[in-house]
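Participant: Let's see this in three dimensions:
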Amino acid sequence: MGLAIAPGAWLYDPAGQTFREWALPSAKNARPYGMASDGAHVWVVETGVSLNQFMGFDTRAERFVSVTPIPSGGGSVRHMDYHAGTGNVWFGTDRGTIARAEVQSD
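Facilitator: The predicted structure is shown next:
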């Protein structure tokens, strides 16, 4: 299975050669940019809303599992990385800030 985010969550099943789509919580206003994965979840930030929203999509359950506003006002999240050793997602913004999100993974 593969997953793409733009503008919704798209899950591709190569065996069945089918796609499924889930709209991001902010729908057309989402404008997703940064994205990271721990293998079971895809972590993405909606940058088209104020405040930006950090969220997780569970690829096994095929649903969004969290939506958390980012209160910093740090601009749009551009780059994200999941660090397996700590279970954290690190991300940077276009205003030069760096942040860490503690996420739960299976």
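Participant: What segments of the protein are strands?
Facilitator: Under the criterion DSSP state E, the chain contains strands at 2-5, 8-13, 18-23, 32-37, 41-46, 53-58, 63-69, 77-83, 88-93, 98-102.
Participant: can you redo those as a markdown table with mean pLDDT and mean neighbour count?
Facilitator: For glycine as for every other residue, the C-beta is placed from the backbone atoms N, C-alpha and C. Shown next, in a markdown table, are the strands of the chain (pLDDT from 0 to 100; neighbours: other Cβ atoms under 10 Å):
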| stretch | mean pLDDT | mean neighbour count |
| --- | --- | --- |
| strand 2-5 | 55 | 15 |
| strand 8-13 | 71 | 16 |
| strand 18-23 | 82 | 11 |
| strand 32-37 | 86 | 21 |
| strand 41-46 | 90 | 26 |
| strand 53-58 | 90 | 22 |
| strand 63-69 | 89 | 14 |
| strand 77-83 | 92 | 17 |
| strand 88-93 | 93 | 20 |
| strand 98-102 | 91 | 13 |
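Participant: For the closest residue to V42 other than its chain neighbours, give its distance to T97.
Facilitator: Distance criterion Cβ to Cβ, 6 or more residues apart in numbering; nearest residue to V42, sequence neighbours excluded, is F57 at 4.7 Å. Here F57 is placed at a distance of 24 Å from T97 (Cβ to Cβ, to the nearest Å).
Participant: same thing with Q17?
Facilitator: 41 Å.
Participant: And D13, by the same measure?
Facilitator: Distance, D13 to T97, by Cβ to Cβ: 37 Å.
Participant: can you check F91 too?
Facilitator: Using Cβ to Cβ, we find F91 at a distance of 9 Å from T97.
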